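Participant: Show me the folded form of this:
(one chain, ligands or ions: 2)
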Amino acid sequence: MKSGLVAVAGRPNVGKSTLVNALAREKVAITSTVPNTTRRRIFGVVNGDDWQLTLVDLPGFQRPMDALTERMQETVDGSFEDVDAVLLVVSARDRIGAGDRFVARRVFSLGVPVIIAVNKIDRLKHGHVAAQMKEAAKLGDFHALHPVSAKVRDGIDELRDDLVFLLPEGPALFPREQRTDLTVEERVAEVIREKALHLTRDEVPHAIMVVVEEISEKVVRAVLLVETESQKGILVGKKGAMVREIGSRARPEVERLVGHPVFLELVVRVRSKWRRDPRQVERLGL
Ligand SMILES: Nc1nc2c(ncn2[C@@H]2O[C@H](COP(=O)(O)OP(=O)(O)OP(=O)(O)O)[C@@H](O)[C@H]2O)c(=O)[nH]1
Ligand SMILES: [Mg+2]
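Facilitator: Residues are numbered from 1 along each chain as shown. Ligands and ions are numbered 1, 2, ... in the order given. From the prediction side, this is the model:
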């Protein structure tokens, strides 16, 4: 049996979580166009006949701005300790630059093999992809370099085979039926946050935190925390239209996660400056 952990590293928004979901063949992590969507470490587990690949989805590398982003960066740093390999993700749609080189310096110094994925190659011209691959190849002494599209699942199987090749001999870390380490409560909270991210913009998405307070036979109750009254007003919407829309988009996925139909009760509350307070960030489980 081969089994091990592969950290997924890269700048914010390059498609790390989309790629983890594509490799895991299940949505284990939420995704959005907003940078800093992923705030904590999330395992995505993939099983073969005689191997188990555990992908470690992570927040993007960034300079911390407050207690939340500081915590996220600690998560990234701490997660590199026990991994067997790193999947370094860059975006073929953006210039491969200083941010990517910053991540690369860190991951190439870990002493484990690194595979580079040049993501988002869908609908790009061949010449452009080739040029980006050439740039990505300069990032460090990689084991393999794969052009992929996480979105349309192009190159995913080849990438997975190469990652599995790097795994050491060892027992499976998770039972075969388990796709992630997140609890149902945590997954439900993330799905609700995802829908809220998709429907808001500017500073609002960054200020949202979701806490699930109850999952019962009939009801899922969750609180959406924001930092200001005006953000609360946006999230509630005209006569509650926004929070209702978040609820109706989240409900099908929430029901799949809990395994039965539910009434999804969402409440919006202000928790002033929660992102700047290390204790609040910790209490919220980040
Ligand atoms: N066109 C295209 N878009 C993609 C692809 N992969 C991801 N995206 C988009 O890129 C955006 C960011 O994707 P995420 O998976 O959330 O990126 P991330 O790296 O996990 O971002 P953070 O968690 O914020 O660090 C989303 O809008 C995705 O739909 C791809 O292969 N092609
Ligand atoms: Mg992510």
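Participant: Write out the residues of the stretch 1-150 of the chain neighbouring ligand 1.
Facilitator: 10, 12-18, 31-33, 35-38, 59-60, 119-120, 122, 149-150 (Cβ under 6 Å from any ligand atom). (Each C-beta comes from the backbone N, C-alpha and C, glycine too.)
Participant: could I have the worst-scoring helix or strand of the chain on mean pLDDT exported to CSV, CA atoms only?
Facilitator: Using mean pLDDT, DSSP states H and E, helix 278-283 stands out as the lowest-scoring helix or strand of the chain, at a mean of 94. Only the C-alpha atoms of helix 278-283 are listed here, as CSV (Å, rounded to 0.1, in the frame of the first residue of the first chain):
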residue,chain,number,x,y,z
PRO,A,278,-6.8,36.7,17.6
ARG,A,279,-9.0,35.3,20.4
GLN,A,280,-12.1,35.6,18.3
VAL,A,281,-10.4,34.1,15.3
GLU,A,282,-9.4,31.1,17.4
ARG,A,283,-12.8,30.8,19.1
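Participant: So that it lines up with my notes, have the first residue be 37 from now on.
Facilitator: Will do, 37 is the new start, and the previous item becomes helix 314-319.
Participant: Identify each buried residue in it, please.
Facilitator: Neighbour-count burial for helix 314-319 flags Gln316, Val317 (criterion: 16 or more other Cβ atoms under 10 Å).
Participant: cool, stretch 157-169 as well?
Facilitator: Buried residues in stretch 157-169 (16+ other Cβ under 10 Å): Ile157, Leu160, Val165, Gln168, Met169.
Participant: The fourth one: what's it in contact with?
Facilitator: Put plainly, it is Gln168. Val126, Ala128, Ile132, Val154 (Cβ atoms under 8 Å, 6 or more residues apart in numbering).
Participant: follow-up on the earlier one: of all the buried residues of stretch 157-169, which comes closest to ligand 1?
Facilitator: Ranked by distance to ligand 1 (Cβ to the nearest ligand atom), those are led by Ile157 at 6.9 Å.
Participant: Tell me where this protein has strands.
Facilitator: 38-45, 78-83, 87-93, 121-127, 150-155, 180-183, 245-251, 255-262, 299-306 (DSSP state E).
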